[in-house]
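A.B. asks: Output the structure for:
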Amino acid sequence: MADSSKKAREERRRAREYEARIVVNDVQQDRRRRDNRTGIAVLAVVAVLAVAATVGFYAAGGQTTIADAPETPAPTEAPIEETAPAETGEAPSPELAENREWTGTMTLNGGLDLGITIDGANAPQAASNFIDLSQQGFYDQTPCHRLTTEGLFVLQCGDPTGTGTGGPGYSFGPLENVPEDDVYPAGTIAMARAQAEDSMGSQFFIVYEDTELPAPGYTVFGQVTDGLDQLKAEIVDQGVTPGMSETDGQPVVPVDITGITLE
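C.D. replies: Numbers count the residues shown, from 1 in each chain. Here you go, the predicted model:
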């Protein structure tokens, strides 16, 4: 009898322990579920805050726009553009051109003579600038540093440094005598410039084949009246040393202005 009573007590004890383990397990499972729900809620809040912060950043102007970006200096590789030189002087008065046509000769490499006219009536400021620099001897022994042979057909000259960055120490504007149809016929002499329309200096270009250039365009101040075929044969047809591209760089045959006479 005692043995059966002892056995019954042992069974009741085991039953209580089993029930206790079940309760503990249920409590642990509930705790895990609560923890998981809390974690998900925290992550959701973090995500919402992150989105809100991002929206606030862009709405407040934190995003860098093109308009906010620093301005890029005028690239010398762009069609006909030169880098604006340092300002150390002033352009001559447009009255120097006397509101008339000037005639003369531009000599390249000591023997290639180009007959030229300078239009002091329709481009008085640019004409006066070219006349003044020519009379000073500014252009003597300066190189024609750039030749382009595809789409843009020009020989660019007038930079004493030969780099596309040099000038007379001043700049001027506005544009004058710009072709209304954007076409620059063969023989045109026009002022090079940087992006700004008042950034002209000493550099100019000679168009050796009809070329179309977009507005706002370039100041046309002169014309080659003789020698263009010789220029093409002796300089252009000899090719270009690749620079900005395969068809834009220094002429294979070095070109220097060796004299300009005007009257």
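
A.B. asks: for the record, mean pLDDT for stretch 172-191?
C.D. replies: Regarding stretch 172-191, the rounded mean pLDDT is 98.

A.B. asks: 670 is where my numbering starts, stick with that
C.D. replies: All set: I'll call the first residue 670, so the last point we hit is now stretch 841-860.

A.B. asks: buried sites along it?
C.D. replies: 841-842, 844-848, 853, 855-860 (16 or more other C-beta atoms under 10 Å). For every residue, glycine as well, the C-beta is placed using N, CA and C.

A.B. asks: among these, which are in strands?
C.D. replies: Cross-referencing the buried residues of stretch 841-860 against strands under DSSP state E gives 853, 857-860.

A.B. asks: out of the buried residues of stretch 841-860, which one sits closest to Leu882?
C.D. replies: Of all those, Leu882 sits closest to Tyr853, with 6.0 Å by C-beta to C-beta.

A.B. asks: Check what contacts the helix or strand hosting Leu802 and list those residues.
C.D. replies: Assigned by DSSP states H and E, Leu802 falls within helix 793-805. Residues outside helix 793-805 that contact it (C-beta atoms under 8 Å, 6 or more residues apart in numbering) are 760-766, 768, 771, 773, 787-789, 808, 837, 841, 845-846, 860, 869, 871, 873, 888, 890-891, 929-931.

A.B. asks: From these, list the buried ones, please.
C.D. replies: Buried among the contacts of helix 793-805 by 16+ other C-beta under 10 Å: 760-761, 763, 765-766, 771, 773, 787-789, 808, 837, 841, 845-846, 860, 869, 871, 873, 888, 890-891, 929, 931.
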